[in-house]
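**Student:** the following comprises the amino acid sequence and a computationally predicted model.
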Amino acid sequence: IIVGPGIQPGNPVLDLAQRGQHQDRHGLTIAAQPLEHAQSIEIGQHPIKNHNIPCLAQAKTQGLGAACGRDDNMRHFAEGTLDKLAHVHVILGKQNAHRNGMKKHPVRTALRLAFALALSAAPALQAREKPQPADVLIWPQARRAVEFRQMEKVFPHARVVRSSHPAPLLRGDPIAPRIMLDGQFVPVEQFMARDQSVGLLVLQNGRIRLEAYADGFRPGDHWAGFSLTKSVSSALIVAAIRDGRIGGLDDAVTHYLPGLTGSAYDGVKLRHLLSMTSGAAWSENYLDPASDVARMYSTPADPGFDPIVSYMRHLKRASPPGSQWLYKTGETDLVGMLLIQATGEPLANYLSRRIWQKIGMESDGWW
């Protein structure tokens, strides 16, 4: 449920969440969860830790320093001065809804109703702020379940054109495995629900043995690949070597990315970049806003530099190249930049031409 400037206490959106139910125009009672049962709350793009939710939900104004924090957004929420908030995003937990006996898709119904009420009762309702790349790291699970299947609508993407001659995957003998979970064997569907998975595919010898979906996900839908892209980038490096665009894995990274000259990447080879053994110092803490993985997308670029190259050129040397492995998302981005420089093509175009179309991909991809 999202509220913005101009939303006052007593608005139907807040009534729906705090008082637990609302009578819609069709006469159907929608039972919603009180805020202390919310799966998560975001205020000003910042998630509120679970132990703070009860304090905020009950609008307590005492003990904010210890229980709810000292952030002004938290204070406005707790004091009920919602007109001063940039936005509030409340995600009602589906698990809580089922526990309280609600029928199929109660949370989605309640959210749709809440938006309808907000639009009719509060013309000042504003859209959520446009997310920044680092925000993905702290999205609550319920938001990930929505956004990860439509990331091309959240951030700019380029289309990876599908094959004109799709190659179908053949079907083999189906299997119905039972998986050990909490000391007992359960069906795949129960395992997926516990694991919060929306799709599961089992291939054996090129044939589909199991294909299952959950949470409204369908065979034609797509999902963000995230770090699986590392394997795609590595495959494209091999393609570029075969195309003569890259000399080999022992080429200097600075040969293709001269903006890194004079940095910790002096003497680093392409094979070091692919294996994350460059020796550059790095912090991959997704929960720390001061970590490198969070700051690389938000730090202003040096004049004339690509933002990623600009950030990576300021890293310190922690160990000799090739001597120590350290996981670095930023180096995967450097591989992408290196491919663009070496091939002279956008990544999406090169992937489509060299791999996507040749292996018979049925659908467009996004990069």
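**Tutor:** Yep, that arrived. Nothing here was measured: the structure is a model prediction, and the numbers come from that model.
**Student:** tell me the mean pLDDT for the one helix or strand Leu274 maps to?
**Tutor:** Leu274 belongs to helix 270-275 when assigned by DSSP states H and E. Across helix 270-275, pLDDT averages out at 97.
**Student:** buried residues, the helix or strand following that helix. List them.
**Tutor:** Using DSSP H and E, the next helix or strand after helix 270-275 towards the C-terminus is helix 292-295. For helix 292-295, a neighbour-count test (16 or more other Cβ atoms under 10 Å) marks 292-294 as buried. For glycine as for every other residue, the C-beta is placed from the backbone atoms N, C-alpha and C.
**Student:** can you tell me which of those is nearest Tyr286?
**Tutor:** Distance to Tyr286 across the buried residues of helix 292-295 (Cβ to Cβ) is lowest for Val293, with 6.4 Å.
**Student:** what comes into contact with the helix holding Leu274?
**Tutor:** Contact with helix 270-275 is made by 234, 237, 246, 248-253, 278-279, 321-322, 325, 331, 334-335, 338, as judged by Cβ atoms under 8 Å, 6 or more residues apart in numbering.
**Student:** what about Gln341, how many neighbours?
**Tutor:** If you count neighbours by other Cβ atoms under 10 Å, Gln341 ends up with 17.
**Student:** just the helices in the stretch 101-250 of the chain please.
**Tutor:** 106-121, 141-147, 151-154, 188-195, 229-242 (DSSP state H, counting those that start in this stretch).
**Student:** just the CA trace of the last one, in CSV.
**Tutor:** Provided in CSV are the C-alpha atoms of helix 229-242 (Å, rounded to 0.1, in the frame of the first residue of the first chain):
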residue,chain,number,x,y,z
THR,A,229,24.9,-13.0,-16.4
LYS,A,230,28.6,-13.7,-15.4
SER,A,231,28.4,-16.9,-17.3
VAL,A,232,26.9,-15.2,-20.3
SER,A,233,29.6,-12.5,-20.2
SER,A,234,32.3,-15.2,-20.0
ALA,A,235,30.8,-17.0,-23.0
LEU,A,236,30.8,-13.7,-25.0
ILE,A,237,34.5,-13.2,-24.2
VAL,A,238,35.2,-16.6,-25.8
ALA,A,239,33.1,-15.5,-28.8
ALA,A,240,35.0,-12.3,-29.1
ILE,A,241,38.3,-14.2,-29.0
ARG,A,242,37.1,-16.5,-31.8
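**Student:** buried ones in that helix, by neighbour count?
**Tutor:** Applying 16+ other Cβ under 10 Å to helix 229-242 flags 229-230, 232-233, 236-237, 239-241 as buried.
**Student:** which residues does that helix contact?
**Tutor:** Residues contacting helix 229-242 (Cβ under 8 Å, 6+ apart): 225, 246-249, 270, 274, 332, 335-336, 339, 342-343, 347, 350-351, 354-355, 367.
**Student:** C-terminal to the one helix or strand Glu331 maps to, what's the next element?
**Tutor:** Element membership of Glu331 [criterion: DSSP H and E] is helix 329-343. Where DSSP H and E defines the elements, the next helix or strand beyond helix 329-343 is helix 347-351.
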